[in-house]
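1. Here's a sequence, model it:
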Amino acid sequence: MQTPTSKRHGTVRSGFAALLLALSVSACAIGPYDTEELAGMTPPDSQFLQSLSGEYVALGDLERAEYDWPDTAKFYDRAIRAGKGEIVEPELLDQRDLAPAGRQELKQARDKLTALFAAGARSVAGLSSARAQGGFDCWMQELEEGHQPDDIAKCREMFLAALSDVEATVKGALVVLLPEEDGKLGVIRVENQQGSVTLDTSRASALVARTDAAPKATGTFAPDDVRVVFGAAIAAGPTPPVTFMLYFEQGTDVLTPKSLVLLDKVLETISQRKLPQVEVSGHTDRSGSADFNDQLALDRASIVGQEVLKLGVPEEVLTVESYGERTPVVPTADGVSEPRNRRVEIVIR
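-> Residues are numbered from 1 along each chain as shown. Purely as a prediction, here's the structure:
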């Protein structure tokens with residue numbers, strides 16, 4: 001029997017691999033460091049986080065059995081955070097006192113793992129990703145202690161095996177269905193000669209590993225992984241166009257009071273765009289002659305166009321057009337006055 005002040009890595013690790021892969025929290029004992037909090041939690045909607053929480057529980061149980069209270073607390077804390085739905089990254093190398101020789105190999109291992117995570121592995125290969133992270137953190141913890149080569153080797157082997165599974169799973173083209181800016185969701189059919197997968201729910205994903213293999217549905221992509229994998233591409237994409245309507249008093253080129261206030265918002269939106277394209281189109285109701293309305297619509301559009309140019313916008317990015325009475329929002333008979341048709345439409349791209 002070992003004492004609380006000693007640490008032995010012998011028979012207590014005989015079931016090491018099985019314990020590390022266990023997902024149950026039933027082995028937790030009552031004491032200063034435990035995971036009882038997990039029992040009342042709703043599991044996160046992520047196979048990766050559910051599995052990762054179990055990996056850390058198993059690691060904490062092993063360290064608890066050896067009276068290593070600091071590492072017990074560290075692993076249990078990580079288990080609880082993952083159980084609450086928090087993305088817990090692989091432990092940083094600077095958090096351990098590592099010899100230079102082992103540190104270099106660990107750095108390369110962590111870089112490979114985080115690169116796979118950045119490619120979406122946590123969503124499409126949740127179980128293997130969790131095993132790889134658990135194996136990595138175990139490997140680093142054992143390497144810091146440095147006096148049990150068998151345990152170091154077991155953790156390293158577990159990490160490498162899981163990493164190989166992750167690499168095999170995420171290889172290929174990844175497709176994820178995301179909603180539009182307005183929340184509308186389309187449908188994507190991922191297809192090749194070997195088969196097809198239809199994606200019709202938010203963040204549904206599929207992988208096409210090879211041209212000679214059918215596309216494979218890979219479940220719902222986690223929101224955090226959407227930000228990690230696609231954040232830069234989404235941010236670099238074009239800003240959606242914005243449309244404004246400005247209304248005018250009957251028979252004049254004078255903006256209504258509400259539209260005069262809205263004009264400031266229009267100009268502010270244009271000024272916030274790096275390379276704006278501005279389309280201004282003038283319209284009238286049918287209360288005057290067609291020729292009169294063509295000119296009136298042009299006057300209305302030109303007034304707004306001049307305000308846009310005052311912002312310093314180059315003339316070549318501004319389009320001003322007149323549609324007169326030909327494209328009413330509300331169709332009416334000739335000669336009818338309709339306030340909603342007396343407008344200027346501004347589209348900012």
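
2. Roughly how far does residue 119 sit from residue 158?
-> For residue 119, the distance to residue 158 equals 21 Å [CB to CB, to the nearest Å]. C-beta: built from backbone N, CA, C; applies to glycine.

3. In terms of neighbours, single out the busier of those two.
-> residue 158 (22 against 19; other CB atoms under 10 Å).

4. Is it correct that that one is in contact with residue 128?
-> No - assessed by CB atoms under 8 Å, residue 158 is found out of contact with residue 128, at 11.2 Å.

5. Now do the contacts for residue 240.
-> residue 181 (CB atoms under 8 Å, 6 or more residues apart in numbering).

6. Let's verify it: helix, strand, or coil?
-> Of the three states, residue 240 takes coil according to DSSP: H, G, I helix; E, B strand; the rest coil.

7. Per-residue pLDDT of it, please?
-> Looking at residue 240, its pLDDT is 81.

8. go on, residue 28?
-> Per-residue pLDDT puts residue 28 at 43.

9. and what of residue 204?
-> pLDDT, read off for residue 204, is 87.

10. How many neighbouring residues does it have?
-> Neighbours of residue 204 (other CB under 10 Å): 22.

11. for residue 260, same thing?
-> By the criterion of other CB under 10 Å, residue 260 has 12 neighbours.

12. Am I right that it is in a helix?
-> Yes - assessed with three-state DSSP, residue 260 lies in a helix.

13. gap between it and residue 133?
-> In this view, residue 260 and residue 133 are 59 Å apart by CB to CB.

14. which regions of the stretch 1-150 of the chain sit below the pLDDT cut-off?
-> For the stretch 1-150 of the chain, the stretches flagged by pLDDT under 70 are 1-32.

15. any idea how far the residue of the chain most remote from its centre lies from residue 296?
-> Distance from the C-alpha centroid of the chain, by CA atoms, centre = their mean, peaks at residue 289 (54.7 Å). To residue 296, residue 289 is 10 Å away according to CB to CB.

16. For residue 209, give me its contacts.
-> Here residue 209 is in contact with 171-172, 216 (CB under 8 Å, 6+ apart).

17. okay, now residue 131: neighbour count?
-> Neighbours around residue 131, by other CB under 10 Å: 24.

18. now residue 95
-> Neighbours of residue 95 (other CB under 10 Å): 12.

19. and if you look at residue 93?
-> Other residues within reach of residue 93, judged by other CB under 10 Å, total 15.

20. give the contact list for it.
-> Neighbour list for residue 93: 103, 106-107, 110, 140 [criterion: CB under 8 Å, 6+ apart].

21. Ok, residue 33 next?
-> 60, 64, 69, 72-73, 76.

22. who's in contact with stretch 279-290?
-> Counting by CB under 8 Å, 6+ apart, 250-251, 293, 296-302, 304-305, 308, 318-325, 327-329, 332-339, 341-347, 349 sit against stretch 279-290.

23. Relative to the whole chain's centre, how far out is that stretch?
-> Between the centre of stretch 279-290 and the centre of its chain there are 45 Å (CA atoms, centre = their mean, to the nearest Å).

24. now stretch 62-70
-> 36 Å.

25. And for stretch 241-249?
-> Distance, centroid of stretch 241-249 to centroid of chain: 33 Å (CA atoms, centre = their mean).

26. mind listing what's buried in it?
-> Within stretch 241-249, the residues scored as buried using 16 or more other CB atoms under 10 Å are 244, 246-248.

27. Can you flag which of the residues you listed belong to strands?
-> In this view, these that belong to strands under DSSP state E are 244, 246-247.

28. which of the residues you listed lies closest to residue 227?
-> Here the nearest of those to residue 227, counting by CB to CB, is residue 244; it sits at 30.5 Å.

29. still on that earlier bit, what subset of the contacts of residue 209 is buried?
-> 172, 216.

30. Quick check: longest helix in this structure by residues?
-> helix 149-170 (DSSP state H).

31. from what I can see residue 60 touches residue 54, true?
-> No - between residue 60 and residue 54 there is no contact under CB under 8 Å: 10.6 Å.

32. before we move on, could you check phi and psi at the residue farthest from the centre of the chain?
-> phi -70, psi 160 (degrees, to the nearest 10).

33. Would it be right to say that residue 197 lies in a strand?
-> Yes - with three-state DSSP as the criterion, residue 197 is part of a strand.

34. Just want to check the distance between it and residue 102.
-> From residue 197 over to residue 102 (counting by CB to CB), the distance is 43 Å.

35. Do a quick rundown of the strands in the protein.
-> Under DSSP E, the chain gives strands at 173-176, 188-192, 195-199, 204-208, 216-220, 242-247, 278-283, 318-322, 343-348.

36. Redo those as TSV? Include distance to residue 123.
-> Listed next are the strands of the chain as TSV, based on distance: least, CB to CB, whole Å:
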stretch	distance to residue 123
strand 173-176	8
strand 188-192	16
strand 195-199	13
strand 204-208	7
strand 216-220	7
strand 242-247	32
strand 278-283	40
strand 318-322	43
strand 343-348	35
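
37. Good, we can wrap up now.
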